[in-house]
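Trainee: fold the following and give me the result.
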Amino acid sequence: ALEEAGAEVPPVAPADWSAAAGYRTGQLLARMPEVTAVFAANDHLALGLLRAMHERGRSVPGDVSVVGFDDVPEAAYYTPPLTTVRADFDEVATETLQLLLKRVTDGDTGPARRILTPTLVERVSVAAPRR
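Mentor: Model prediction:
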């Protein structure tokens, strides 16, 4: 999407799925004033990132917008409440099982692709970047 919009694609920061990894990455990103938004691969990473930004004096969402993925039940209670992407994991499981069964019963070995539309859960951790 960034390429299609003609925007620069920033590097991906590798991390595991923990809040501690988000915190470590957030400590680095908080030192970079050009960072105005972060999309975390899950809400736990985002939690650690939120804490690191706070400790480094970066305001979320004033200075940096943060978006997570999963919509864990606690995400609404983070400080600030986390904007996140909610996937319908029941639908993911159903589609995966249907594809697997089709391969087993029909012997289908061709590529398979399903596009499932997640839901953006808008909370308080996102704002337009300051100019």
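
Trainee: in contact with Gly22, which residues?
Mentor: Going by Cβ atoms under 8 Å, 6 or more residues apart in numbering, Gly22 touches Ala15, Ala40, His44, Leu45, Ala46, Leu47, Gly48, Leu49, Leu50, Ala52. For every residue, glycine as well, the C-beta is placed using N, CA and C.

Trainee: including secondary structure, pLDDT and distance to Arg24, could the residues you listed go into JSON lines?
Mentor: Formatted as JSON lines, the contacts of Gly22 follow (DSSP: H, G, I helix; E, B strand; the rest coil; pLDDT from 0 to 100; distance: Cβ to Cβ, whole Å):
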{"residue": "Ala15", "secondary structure": "coil", "pLDDT": "88", "distance to Arg24": "7"}
{"residue": "Ala40", "secondary structure": "coil", "pLDDT": "96", "distance to Arg24": "13"}
{"residue": "His44", "secondary structure": "helix", "pLDDT": "97", "distance to Arg24": "13"}
{"residue": "Leu45", "secondary structure": "helix", "pLDDT": "97", "distance to Arg24": "10"}
{"residue": "Ala46", "secondary structure": "helix", "pLDDT": "98", "distance to Arg24": "13"}
{"residue": "Leu47", "secondary structure": "helix", "pLDDT": "98", "distance to Arg24": "13"}
{"residue": "Gly48", "secondary structure": "helix", "pLDDT": "98", "distance to Arg24": "7"}
{"residue": "Leu49", "secondary structure": "helix", "pLDDT": "97", "distance to Arg24": "9"}
{"residue": "Leu50", "secondary structure": "helix", "pLDDT": "98", "distance to Arg24": "13"}
{"residue": "Ala52", "secondary structure": "helix", "pLDDT": "98", "distance to Arg24": "8"}
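
Trainee: what's the closest of these to Val72?
Mentor: Closest approach to Val72 among the contacts of Gly22 (Cβ to Cβ): His44, at 7.2 Å.

Trainee: which residues touch the nearest residue to that closest one once chain neighbours are set aside?
Mentor: With sequence-adjacent residues excluded and distances taken as Cβ to Cβ, 6 or more residues apart in numbering, His44 is closest to Ala19, at 4.8 Å. Going by Cβ under 8 Å, 6+ apart, Ala19 touches His44, Leu45, Leu47, Gly48, Arg51.
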